[in-house]
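Chemist: no FASTA, just this:
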């Protein structure tokens, strides 16, 4: 029998994590107030010139004939090749028998879109219309300078094509999957649309927003690379296998580089603990030690800013970790043991994914000998159904020093191979030291 | 002569009247000149007589009735005369008559049974029951108090964590008291309160002991078995106790039935656990109890060993997938 204890009401764990970004794929959910953007004369000209090279992507449920998702895209070559976001067309990749993609241009012309290639890590997709096109974009060869005016095109919330002006703010700091910070406001439905410079050359692909003129673009170079390796036609493209390989090699690269650098540690209470496993982790700390509380908890939590979109219910965060240090001079051992037990069952990590995306969790608990410390560990994994060999994993560790001082840590890994998960967990445990 | 008891039964063997016979002869019939007058139109005015024969035995004699005398203890045969001792069951008309000696021992009934058990002294003493309940409550409070890590004071702790439990016990006992009253005309309310309190407290301590053992000795299977065992023992004691009170069968029969019922209950419980073992859990769940004291007893495995062992989880995930694929 597995017992899952929930925390008592007095056991307050604050979530220290900042809000991540929101994808701007139009699912008719989550209202973000549209910013009344003052379009410059140049924006008007650009819009006039390029509005026929962008299109709205409609994902149609083939059984009901209704639209299930909306996004944007743009043509990049005369033969009808276009670019959009993976998260816009993901349903067509996962269940091609149930969904198909269509485009509709500002002038009302519409047609079918075939899926040619996807890049799940950079959230890109190459689509192709059956008809050749007259107007299409081209990529800008050099990166813009920070502060340069750039313009995002797309179809927000199915309101018709629009142009949004903002500035290029360079690559987003501390992100593992390279994104560009754009100071215009992207809104749901604009995902997959192009962001162009004042001469109409594509510098990025709209992908996500954090609200209030903080928006994110995918570097145009990734789109260029994907186009270059995309096959000429949609036929016989093993997209799912391709997705799996991309995820597998991305996690391999990520964990190889994470494991090869010296581990950053920090002290928490009387322990030394692993902190920024990779430099992109952002860490926050807090403590709860009110006067009337019989114990104190010092917490540290580190998480990544970005995640990989896999399907509508399933996004994956590559890594997150957390430490809680418990100390009490007032509690008797039995009471401390209850406090300690109650919080060990309490998992802070977020695991997304519906039943069709993932298997159930399988866990085991052990005692593990570390460096002068005895650990109680719980290790849980679940499989990603569409991506054999990849797992979501959770390591929970507790250790205690005689008396009433203890450390509990949590280390979660998303879409990772079991070998990498175990090696990283081992490194994580090894880095926990008693350091009075 | 030894006095006799005559029981007049209806067709369903329910006793309608009892008469004590101190002297013979004793006559039965529809006529007003009988010792027992029957209101049964199938009985003759002078139907039978109960009298002593030459050898001094008590006999029933047909007095020339229309419908005759039937000996029900010997295959419903129509007789003119039959010997009573040790007892007799006859039918005349639509009436059954049973004769028994005064010394006949009545079967114990639900109510009678209680007087034969030594436990009754405890059950009948309100003071003892109240004492046990209070003791249980104190023991429960002690555990709650010692294991509390919040900033609640002793009074709040009592009202938050202890009193609700005992209010529940009182309500629960109330329900059983009503059932018990319907069944045996006694409520046994205080007994239920006392026993439920003690079981609750004892169970709490046993679970604590089980967790410490499980954590300290890491004997998951043994702890699981002992948990099932404990549940089985508690069910058995409860069933046996109640059946002894309520049934007039022999203790051996009751024990057999209690064992059977308790095996069946545990079987259902274990089967339920067995069938839900593969339920999809979208959240990682594991045995989270940690007993810092027990922590010190354990020597953990090495990290190398651990790294190898946890890889088995991939196999378990794969098994889940295979099973799903098979059932699709």
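Modeler: Here it is on my side, so go on. Since the model is a prediction, treat every value here as computed from it, not as a measurement. Numbers count the residues shown, from 1 in each chain, chains lettered A, B, ... in the order given.

Chemist: backbone phi and psi for the residue of the stretch 301-436 of chain A found nearest chain B, please?
Modeler: The nearest approach of the stretch 301-436 of chain A to chain B comes at residue A:345, 3.0 Å away (C-beta to the nearest C-beta). C-betas here are computed from N, CA, C, even on glycine. With angles defined as degrees, to the nearest 10, residue A:345 sits at phi -80, psi -10.

Chemist: burial of it, as a residue count?
Modeler: 20 (other C-beta atoms under 10 Å in any protein chain shown).

Chemist: can you check residue B:312 too?
Modeler: Around residue B:312 there are 11 residues (other C-beta under 10 Å).

Chemist: right, and it touches residue A:362 too?
Modeler: No - using C-beta atoms under 8 Å, residue B:312 makes no contact with residue A:362, being 9.1 Å away.

Chemist: sec struct for residue A:397, please.
Modeler: strand (DSSP: H, G, I helix; E, B strand; the rest coil).

Chemist: check the secondary structure at the closest residue to it other than its chain neighbours for me.
Modeler: Excluding its sequence neighbours, the residue lying closest to residue A:397 (C-beta to C-beta, 6 or more residues apart in numbering or on different chains) is residue A:409, at 4.6 Å. Assigned with three-state DSSP, residue A:409 falls in the strand class.

Chemist: so where's the stretch 151-300 of chain A shaky on pLDDT?
Modeler: Low-confidence segments of the stretch 151-300 of chain A (pLDDT under 70): A:232-237, A:291.

Chemist: and residue 312, what pLDDT?
Modeler: Looking at chain A here, since you left the chain open. We note a pLDDT of 85 for residue A:312 in this prediction.

Chemist: wrong one, I was asking about chain B
Modeler: Value listed for residue B:312 in the pLDDT field: 89.

Chemist: residue contacts, it?
Modeler: residue A:364 (C-beta atoms under 8 Å, 6 or more residues apart in numbering or on different chains).

Chemist: ok, now the one 5 residues further on?
Modeler: Residue B:317 makes contact with A:359, A:362, A:381, A:382, A:383, A:391 under the criterion C-beta under 8 Å, 6+ apart.

Chemist: pairing partners for the strand or helix carrying the third one, with directions?
Modeler: Which is residue A:381. Following DSSP states H and E, one finds residue A:381 within strand A:374-383. Strand pairing for strand A:374-383, using DSSP bridges, gives strand A:362-369 (antiparallel), strand A:391-401 (antiparallel).

Chemist: tell me the buried residues in the longest helix along chain A?
Modeler: Across chain A, the longest stretch assigned as helix under DSSP state H is helix A:239-260. Across helix A:239-260, burial judged by 16 or more other C-beta atoms under 10 Å in any protein chain shown covers A:239, A:243, A:244, A:246, A:247, A:248, A:250, A:251, A:254, A:255, A:258.

Chemist: got JSON lines for these, with distance to residue A:83 too?
Modeler: JSON lines is the format used below for the buried residues of helix A:239-260 (distance: C-beta to C-beta, whole Å):
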{"residue": "A:239", "distance to residue A:83": "16"}
{"residue": "A:243", "distance to residue A:83": "17"}
{"residue": "A:244", "distance to residue A:83": "22"}
{"residue": "A:246", "distance to residue A:83": "17"}
{"residue": "A:247", "distance to residue A:83": "20"}
{"residue": "A:248", "distance to residue A:83": "24"}
{"residue": "A:250", "distance to residue A:83": "20"}
{"residue": "A:251", "distance to residue A:83": "25"}
{"residue": "A:254", "distance to residue A:83": "25"}
{"residue": "A:255", "distance to residue A:83": "29"}
{"residue": "A:258", "distance to residue A:83": "30"}
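
Chemist: a markdown table for those, including distance to chain B?
Modeler: Formatted as a markdown table, those follow (distance: C-beta to the nearest C-beta, whole Å):
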| residue | distance to chain B |
| --- | --- |
| A:239 | 21 |
| A:243 | 18 |
| A:244 | 15 |
| A:246 | 21 |
| A:247 | 17 |
| A:248 | 15 |
| A:250 | 20 |
| A:251 | 15 |
| A:254 | 20 |
| A:255 | 15 |
| A:258 | 17 |
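
Chemist: residue A:335 against residue B:144, yeah?
Modeler: No - with contact defined as C-beta under 8 Å, residue A:335 does not count as touching residue B:144 (10.1 Å).

Chemist: quick revisit: note down every partner strand of the very next helix or strand once past the longest helix of chain A and its orientation.
Modeler: Next along the chain after helix A:239-260, taking DSSP H and E as the criterion, comes strand A:265-268. Strand partners for strand A:265-268, identified by DSSP bridges, are recorded as strand A:271-274 (antiparallel).

Chemist: what does the partner strand contact?
Modeler: Taking C-beta under 8 Å, 6+ apart as the rule, strand A:271-274 contacts A:263-267, A:300, A:321, A:323, A:325, A:399, A:407, A:409, A:427-428, A:431-435.

Chemist: count the residues that sit near residue B:68.
Modeler: 16.

Chemist: chain A versus residue B:269, what's the distance?
Modeler: Residue B:269 sits 11 Å away from chain A when distances are taken as C-beta to the nearest C-beta, to the nearest Å.

Chemist: list the buried ones in the helix or strand encompassing that residue?
Modeler: Using DSSP H and E, residue B:269 sits in helix B:251-275. For helix B:251-275, burial by neighbour count (16+ other C-beta under 10 Å) applies to B:254, B:258, B:261, B:262, B:266.

Chemist: contacts only, for the fourth one.
Modeler: In this case it means residue B:262. Contact analysis of residue B:262 by C-beta under 8 Å, 6+ apart lists B:232, B:235, B:236, B:239.

Chemist: out of those, which is nearest to residue B:124?
Modeler: Relative to residue B:124, the closest of those is residue B:239; by C-beta to C-beta it sits at 22.9 Å.
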